[in-house]
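Dropping a prediction and its sequence here:
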Amino acid sequence: MKKSKKAAVAENNVGTAEENVFNGVTEEEVVSPAPEETAPEETSTPADSLNEVPEVPVDADKAEKITAFSKAISTIKTELKKDVVGMEDIVDSVICAIIAGGNVLLEGVPGVGKTRLVRALGKSMSLPFSRIQFTPDLMPSDVTGANIIEKDENGRMNTVFSRGPIFANLVLADEINRATPKTQSAMLEVMQEHKVTVAKKTYVLEEPFFVLATENPIEQDGTYPLPEAQMDRFMFKLLVGFPSVSDLADIVNMTQITMDETANAVIDGKTILEMRELAKTVPVIEDVLNYTVNLVSNTHPELEKTSDTAKKYIRYGASPRAAQALITCAKVRALMNGKYNVSYSDIKALAYPVLRHRIKLNYSAVSDKLSVDDVIGKVIDETK
Amino acid sequence: MDENFKRLKKKYLVYAILKSAAIGLSCGLVAVGVALLSVKLSSASFGILWYVLIGVGALLVGGVLSFVFLKPDDKYAARRLDGDYNLEERVQTSLEYAGASGAVVEMQRKDTESKLADLTMSKPAFSKIWQYFVVVIIAVAVALAGIFVPGDPVGAKPVYDDNTPREVTQFELVQLNELIENVRSSKLEDDIREDAVGELEGLVTDLADVHTEGALKRAVYGTIDDIDALFAAIDSYRKITASLSGDGQNVCDFISDGAQAGETFGLLDYNSVVTFYGVRHDSVTAAMERGLSKFRLQTAVSREDGLATVLRSVVNSIRSALTASGLTQSDGLYAALDGFAIDLSFMQTDAAGNSVAEDVLLSNISTLIDEFAENIVIELTPQSYHYAMDTFISRRLQTIFGYEFELPDLPTDEGGSGEQGGNDDEEQGGDDRNPNSPGGSIDSGEVQYGSNDEVYDPIEGRYVKYGELFAKYNELNNLDSLTEEQRKIVNTYYDILTGGFGGGQN
């Protein structure tokens, strides 16, 4: 793989643009990544081996694929446990979001293992991983990349697109709420459409593409709250708590041995895409679908037929993306748990991570000391 | 769906049948209970067959309707299975996607079938059955309430349930026997007299088993009702006047007034009733006079409105009443009324068929009415005597046992006071009673003792001149050997003799 002179972003580095003669870009182009251009070397950590990737032949019976689905999930979890202690629910939700094709917002204090989780995921899924540390002076081009001028072997100046750190399969956007809204908006197109447009040229990101963003709740100074439009693009918002005493002890013991991730690659991107397609075929009965729609509708206080809780505690309700996310993730969750249909329990379990960043509480909830999860619980109780 | 689903669905069908049966049974019991309670509060009465029909009908309707709603379809059975056995919507999904194809759908189907095959269906579906049988228990309570709740029917015969201990006293029996003798020596026709005596003697027999106030009332009032029925069966005026209405109402009024002229006499003591042969013809005539006047007035004022129309209406009313009565020409009252109607109908034309002038017509009508009144008085007098005797027996029985009764308003006419005349006049001359005095007491309030009037001596068991009896009891009353009961008999006898309707006469 050719290594570009001006690397997009090295690990833990903020990308910077180099100054070169501008050769101009003629016309808009859509560039899809060739297999060898998946990601720059510096930003990727290729799998050491693919020895344990479950072999799923192209013409394998679909039933075998289905049964291999949950086996693959359990294999991934086993590998992640080598590097990530505790956080089983978080791991499940992140895996579910990756397969469903969504992005995840993690909220937690520093040092709970957010970066390690994403890195271990990248290793176990054989997916290139990159980390973007957001700071207030981060520019959009630092994220997406920029055209740079460089001299070729013949001494001619050419315009070359230097890819930013966003060009990876798994991206950790650390402390996303520290960047300016301008830089945050650069993430919008990427997260939603999996494309980057620079100088009229659109670059399609390789699938599966997954953004795991983090925001630090305690450092409120110098932060820019994420706009609702961007929040809505996250499939889940997960709350990472401080590990338990026993988990903390395990963490300490483990990291005394090595700080490196030891997870092995057990699956690849192609398999994840196949799992994604498979999950789409999981059946959902009409009653469950109606229940999901009613649940999202019951978060809107302005509707005539809505829940009492919404009227009392919610200022803004969830968007239609919430209903889409619920159904999509419920199908994945059903397969992950060895079921072949979506049930009410799947919807109820996913309601919290799907809705908690999509609804805005009013002062009544604050004065009654109700958290978002409390309000979501009440809405679930009122939904038939 | 597979066989396992059908097998399990059948179980839900059984549950639905049981629930429907419980609901139907409850409906039947509640319907019977409501019917019983309704009957108790009204004057209606139903045979037991009706209650059975109501109960069975309500059971069928309730059971069938509830089964229609409770009968499980596939969707219901699927939902119940998923909920009862925590199958997480597997069965519902299989049902909804029964015709779909696809690897995941087929896997889902197989997964569901294996789960259903493992089900034994041992539990919770029955858990709410007991609620339905609580409803049945409540329905049974309603039915039992309908049976045991005491009713207070309006218009129905009263139920005497007073269990206060009550024994018939010797004094009451003496009075009752006196009443029997009164009736036996009355001027009633043989048949009715024997029947009335028989009823009263039956009462004497029944009183031997009376030990409570309620039982006594039932016996006494039952006898009164039976004797009323005896007289109602032989008196034709009731049958005729029951149907008279419209323009025939005035005819009805004066017939009824005449027949009931004996009511006042029935309130008197027996001597008066017997002595005056109950009711005299002039009393009946006088009682009818008010009604007759109204009838004459009706025809007079109809001169302007259409006399012919009124006459026709009266005739039709009389004819209808006669037909409805079920009587024949053998009944004197029937014959008199029929003849009156016939004459009235031919009143408007003379023998040659020409119309009669109005003045002449009215005069003829008045003459006809007078003749008619004379004719029916003959028939109404004995019926009025029956009414007097019936009233007498009824009031006397109530008086003997201490039951109150309402006195009728005295007639404002001077009928029957001191006038002689009429047929079959067997009473002893005039009567100086002031009809305006309450209770028909002797005028001027003078008390006279000693007369030729006879009273019944319970000790001698025969009629004696009451002056002799009075002296005897007066002497006895002064003796300390008299018991309290005897003293009470004597004092009561004094009250009858000296106050109220006493037998003094000029």
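Thanks, I have the structure now. Numbering: from 1, shown residues only, chains lettered A, B, ... in the order given.

where does the stretch 351-500 of chain B dip in pLDDT?
B:405-462, B:465-482, B:493-500 (pLDDT under 70).

now do the stretch 101-250 of chain A
Residues of the stretch 101-250 of chain A that meet the cut-off, pLDDT under 70, sit at A:217-221.

Right, and chain B sits closest to which residue of it?
Closest residue of the stretch 101-250 of chain A to chain B, C-beta to the nearest C-beta: A:Gly101 (17.5 Å). C-beta: built from backbone N, CA, C; applies to glycine.

What residue, apart from its backbone neighbours, is nearest that residue spatially?
Spatial nearest neighbour of A:Gly101, chain neighbours left out: A:Arg276 (5.8 Å); criterion: C-beta to C-beta, 6 or more residues apart in numbering or on different chains.

Count residues in the vicinity of the one you found, would you?
18 (other C-beta atoms under 10 Å in any protein chain shown).

likewise A:Ile73?
When neighbours are counted by other C-beta under 10 Å, A:Ile73 registers 21.

just A:Gln230 next, same as before
22.

got it, and B:Thr492?
Neighbours around B:Thr492, by other C-beta under 10 Å: 12.

Return the residues in contact with it.
Counting by C-beta atoms under 8 Å, 6 or more residues apart in numbering or on different chains, B:Thr492 makes contact with B:Phe171.

host element of it?
helix B:484-498 (DSSP states H and E).

Tell me which stretches of the stretch 51-200 of chain A form helices.
Using DSSP state H, counting those that start in this stretch, the helices of the stretch 51-200 of chain A run over residues A:62-83, A:88-100, A:114-124, A:140-144, A:181-193.

Quick check: which of the ones you listed is buried the most?
Of all the helices of the stretch 51-200 of chain A, helix A:114-124 carries the top mean neighbour count, a mean of 24, counting by mean count of other C-beta atoms under 10 Å in any protein chain shown.

what about the residue nearest to A:Gly101, which SS state?
helix (DSSP: H, G, I helix; E, B strand; the rest coil).

State the distance from the closest residue to chain A within the stretch 201-350 of chain B to B:Gly222.
Residue of the stretch 201-350 of chain B nearest chain A, by C-beta to the nearest C-beta: B:Gly214 (60.8 Å). Distance, B:Gly214 to B:Gly222, by C-beta to C-beta, to the nearest Å: 12 Å.

Same check on A:Ser319?
87 Å.

per the record, what domains does the chain have?
Assuming you mean chain A. A:30-278, A:282-382 (automatic domain parsing).

That was the other one, I meant chain B.
Following automatic domain parsing, chain B resolves into domains at B:3-148, B:170-233, B:235-400, B:441-498.

Please name the residues that touch A:Asp381.
So A:Asp381 contacts nothing (C-beta under 8 Å, 6+ apart).

let's see 10 Å
A:307, A:309, A:348 (C-beta atoms under 10 Å, 6 or more residues apart in numbering or on different chains).

Distance from stretch B:185-195 to the middle of the chain?
Taking C-alpha atoms, centre = their mean, to the nearest Å, one finds the center of stretch B:185-195 at 25 Å from the center of the full chain.

In that stretch, which of the residues would be classed as buried?
Within stretch B:185-195, the residues that qualify as buried are B:186, B:188, B:192-193, B:195, counting by 16 or more other C-beta atoms under 10 Å in any protein chain shown.

where does the stretch 201-350 of chain A come near chain B, residue by residue?
When proximity is defined as C-beta under 10 Å from any C-beta of the partner chain, the stretch 201-350 of chain A approaches chain B at A:278-288, A:331, A:334-335, A:337-346.

Helix or strand: which one has the closest residue to B:Arg184 other than its chain neighbours?
Of all residues not flanking B:Arg184 in the chain, B:Val197 sits nearest, at 5.3 Å (C-beta to C-beta, 6+ apart). B:Val197 is located in helix B:190-207, with elements delineated by DSSP H and E.

Counting by contacts, list what that helix packs against.
helix B:170-184, helix B:213-234, helix B:358-400 (3 or more C-beta pairs under 10 Å, 6 or more residues apart in numbering or on different chains; DSSP states H and E).

again, 6 Å this time
helix B:170-184, helix B:213-234 (3 or more C-beta pairs under 6 Å, 6 or more residues apart in numbering or on different chains; DSSP states H and E).

if we can go back for a sec, got the contact list for the residue nearest to B:Arg184?
Neighbouring residues of B:Val197 by C-beta atoms under 6 Å, 6 or more residues apart in numbering or on different chains: B:180, B:183-184.

which phi and psi does A:Val266 have?
Main-chain torsions, A:Val266, degrees, to the nearest 10: phi -120, psi -10.

show me what contacts it?
A:52, A:75-76, A:79, A:124 are the contacts of A:Val266 under C-beta under 6 Å, 6+ apart.

follow-up on the earlier one: of all the contacts of A:Asp381, which comes closest to chain B?
A:Lys348 (11.4 Å).

which SSE is the closest one in?
helix A:344-355.

Please enumerate residues in contact with that helix?
By C-beta under 6 Å, 6+ apart, helix A:344-355 touches A:93, A:236, A:238, A:292, A:318, A:322, A:325-326, A:329-330, A:333-334, A:373, A:376, A:380.

gap between that helix and the chain center?
Centre to centre, stretch against its chain (C-alpha atoms, centre = their mean), the figure for helix A:344-355 is 18 Å.

Same check on stretch A:99-107?
Offset of stretch A:99-107 from its chain centre (C-alpha atoms, centre = their mean): 3 Å.

again, but for stretch B:338-348
36 Å.

CA atoms only for that stretch, dumped as PDB, please.
This file holds the C-alpha atoms of stretch B:338-348, laid out as PDB (Å, rounded to 0.1, in the frame of the first residue of the first chain):
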ATOM      1  CA  ASP B 338    -133.100  -5.000  28.600                       C
ATOM      2  CA  GLY B 339    -136.700  -3.900  28.400                       C
ATOM      3  CA  PHE B 340    -135.700  -0.300  29.200                       C
ATOM      4  CA  ALA B 341    -133.100  -0.300  26.400                       C
ATOM      5  CA  ILE B 342    -135.600  -1.700  23.900                       C
ATOM      6  CA  ASP B 343    -138.300   0.900  24.800                       C
ATOM      7  CA  LEU B 344    -135.700   3.700  24.700                       C
ATOM      8  CA  SER B 345    -134.600   2.600  21.300                       C
ATOM      9  CA  PHE B 346    -138.100   2.900  19.900                       C
ATOM     10  CA  MET B 347    -138.800   6.200  21.700                       C
ATOM     11  CA  GLN B 348    -138.200   8.500  18.800                       C
END
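
Report the buried residues of it.
Buried residues in stretch B:338-348, counted by 16+ other C-beta under 10 Å: B:338, B:340-341, B:344, B:347-348.

before we move on, what about stretch A:247-259?
A:247, A:251.

ranges for the strands of the stretch 251-384 of chain A?
Ranges of strands in the stretch 251-384 of chain A, per DSSP state E, counting those that start in this stretch, are A:314-316, A:360-361.

ok so, going back, how about the contacts of A:Asp381 in CSV, adding neighbour count?
Output for the contacts of A:Asp381, formatted as CSV (neighbours: other C-beta atoms under 10 Å in any protein chain shown):
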residue, neighbour count
A:Ser307, 25
A:Thr309, 23
A:Lys348, 18
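
can I get the residues you listed in JSON lines with pLDDT and distance to B:Asn375?
Below are those laid out as JSON lines (pLDDT from 0 to 100; distance: C-beta to C-beta, whole Å):
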{"residue": "A:Ser307", "pLDDT": "93", "distance to B:Asn375": "92"}
{"residue": "A:Thr309", "pLDDT": "94", "distance to B:Asn375": "95"}
{"residue": "A:Lys348", "pLDDT": "96", "distance to B:Asn375": "100"}
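
Make CSV from these and add distance to B:Met107 to it.
Formatted as CSV, these follow (distance: C-beta to C-beta, whole Å):
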residue, distance to B:Met107
A:Ser307, 36
A:Thr309, 38
A:Lys348, 24
